[in-house]
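>>> Provided below for reference: sequence and predicted model.
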Amino acid sequence: MDHRLRNRILIFLALAAVAAYALVRLSGRQPVAKISAVTPIRENLVSSIDSNGKVEPITPYVMRAQLDTFAEKVSAAEGQQVKKGQLLLELDVKDATAQLAESRDKLLRAEDALRTAKAGGRADEAARASGDLAKAQADRDRLQKIHEALVRLIAKQAATQDELAANELALGKAQEEVARLAGAKKEFGLDLSLSASRAALQVEQAQSEVAALEEKVREGRITAPVDGTLYSLPVKTGDYVRVGDLLAQVADLHQVRVRAFIDEPELGALQPNEPVKITWDALPNRTWTGRTEVIPKEVVARGTRSVGELLCAVNNDALELLPNINVNVRINSQERTNVLSVPRGAVETENGHRYVFVVKDNPLVSQKTLEKREIRVGIADATSYEVLNGLQEGEMVALPGDFDLRDGMAVKVVNTDAAYVRGTRD
């Protein structure tokens, strides 16, 4: 009896231990995770690049001061539509006008000196040089004939040696005088050549001075070079301006250029002639359209960013976009129609691979479990990824929530409303 009783007691104790262990296990079991999930849908995706940019006129005309002076009168207003040739402002050019008159007188004197030099010098000086030489040559020739006659007469003993010696002395002096006057005339000719060169240089310098001063006087009247918008007029009546100071800027602003600053990682997606949308915070309800034109060929530093400068042509028919304002730029770089997509929030990245957690029915238990699955994605917009492979229509994908999702995790799906996930899509 005692032996059987002891065996029964041992069996009861073993059963109690098993029951206690089972109770402990049951009491410590974690609750099933409650999650939201969606099924992939088909939709049209537009992958866009968003950045900032600055508005520029395509063909700006910049007018700068050509002399140091005062603004005498301003005849236009900034932002005004102007016609070609319309007076914008006038500068004080009294000093330049007086200098121009002096330079013109200087030019006339230089031109007169050049004409005189080219004509052989002053008439009286040229006549005197030629007359003196001709007279000396005539005296020399006369004495030479007397010398020849005396030589014949001495041979006939009709003249004395003293007469011949006196004639030779006078002839020598006459020859020296001819040589002197011929040299003087030659030097006079050289002086005329130098005078002509000097006078020509003086004429050229005077012409340059006159042209520069005439330009300054003309620049005293600042007029519109083309029909367009006077978008910059920093000068007021009475302001002092220096050479090179900006006076006015005019351009046709019906078509403007936007210089968009695109971050380096997004440059590879850019193509010419892609649609562009421009918005401006000052006019939040307006949108301007355009096209990409010049794709960046280099990257430059802009603050803490490395960017390429993309040039876009933008329609501005209402003339609302102003030069140098900062705008928002959206470039539709890629578009796909009727593609399978999943929310961005459902896609995780690990070691350069993207994956999702697919909700699977587990036939062994009455719960659903998660399967970690790698997928390949295409383009993306602000809320969704295009799925190229790895998912099928109708499969359910878990969304992140209060629990860290993991492979094989038991879950309970409590929300499958796609609109809930894409609440900010539109």
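It's in. Numbers count the residues shown, from 1 in each chain.
>>> Export only the CA atoms of the helix or strand Glu56 falls within, formatted as CSV.
Counting by DSSP states H and E, the element that carries Glu56 is strand 41-57. Listed next in CSV are the C-alpha coordinates belonging to strand 41-57 (Å, rounded to 0.1, in the frame of the first residue of the first chain):
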residue,chain,number,x,y,z
ILE,A,41,-2.5,50.0,-55.7
ARG,A,42,-2.1,51.0,-59.3
GLU,A,43,-1.7,54.8,-59.9
ASN,A,44,0.1,57.4,-62.0
LEU,A,45,3.3,58.6,-60.4
VAL,A,46,5.3,61.7,-61.2
SER,A,47,8.8,61.9,-59.8
SER,A,48,9.6,65.5,-59.3
ILE,A,49,12.7,67.5,-58.1
ASP,A,50,11.9,70.3,-55.7
SER,A,51,14.4,73.1,-55.1
ASN,A,52,14.7,76.9,-54.9
GLY,A,53,15.8,79.4,-57.6
LYS,A,54,16.1,83.0,-58.6
VAL,A,55,14.4,84.9,-61.4
GLU,A,56,16.5,86.6,-64.0
PRO,A,57,15.7,88.6,-67.1
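>>> Tell me how far Ala158 lies from Trp280.
122 Å (Cβ to Cβ, to the nearest Å). All C-beta spots, glycine's among them, are computed from the backbone N, C-alpha and C.
>>> Just want to know which of the two has more residues nearby.
Trp280 (17 against 10; other Cβ atoms under 10 Å).
>>> For the more buried one, which non-adjacent residue is spatially closest?
With sequence-adjacent residues excluded and distances taken as Cβ to Cβ, 6 or more residues apart in numbering, Trp280 is closest to Val327, at 5.0 Å.
>>> Kindly calculate the angle that the strand or helix carrying that neighbour makes with strand 41-57.
Element membership for Val327, per DSSP H and E: strand 326-343. Following axes from the mean of the first three to the mean of the last three Cα atoms, to 10 degrees, one obtains 170 degrees for the angle between strand 326-343 and strand 41-57.
>>> and strand 326-343, what does it pack onto?
Other elements packing on strand 326-343 under the criterion 3 or more Cβ pairs under 8 Å, 6 or more residues apart in numbering; DSSP states H and E are strand 41-57, strand 255-263, strand 275-280, strand 305-315, strand 368-380, strand 384-389.
>>> Can you tell me the strand partners of it and which way each runs?
Note on strand 326-343: by DSSP bridges, its sheet partners are strand 41-57 (antiparallel), strand 275-280 (antiparallel), strand 384-389 (antiparallel).
>>> Now do the residue nearest to Trp280: how many residues are near it, please.
Neighbours of Val327 (other Cβ under 10 Å): 22.
>>> Now that we're looking at Ala33, what pLDDT does it have?
Looking at Ala33, its pLDDT is 85.
>>> which ones are touching it?
402-403, 409-412 (Cβ atoms under 8 Å, 6 or more residues apart in numbering).
>>> Now Ala166. Its backbone dihedrals?
Reported as degrees, to the nearest 10, the phi and psi values for Ala166 are phi -60, psi -40.
>>> meant to ask about Glu293
Per degrees, to the nearest 10, the backbone of Glu293 is at phi -120, psi -70.
>>> I'd like the numbering to begin with 796 instead of 1 from here.
Sure thing, new numbering starts at 796, so read that last one as Glu1088.
>>> what's the neighbour count on it?
16.
>>> residues touching it, list them.
When contacts are counted by Cβ under 8 Å, 6+ apart, Glu1088 touches 1052, 1067-1068, 1106-1108.
>>> Selection in ChimeraX covering whichever of those are buried, please.
Burial among those is assessed by 16 or more other Cβ atoms under 10 Å; the matching ChimeraX selection reads:
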select :1052,1106,1107,1108
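>>> can I get the contacts of Glu1088 in CSV with pLDDT and distance to Glu1181?
Formatted as CSV, these follow (pLDDT from 0 to 100; distance: Cβ to Cβ, whole Å):
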residue, pLDDT, distance to Glu1181
Arg1052, 96, 32
Pro1067, 92, 24
Asn1068, 92, 23
Leu1106, 96, 29
Cys1107, 95, 26
Ala1108, 95, 29
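>>> so how far is Ser1027 from Ala871?
11 Å.
>>> Which neighbours do these two have in common?
Joint contacts of Ala871 and Ser1027 (Cβ under 8 Å, 6+ apart) are Ala1043.
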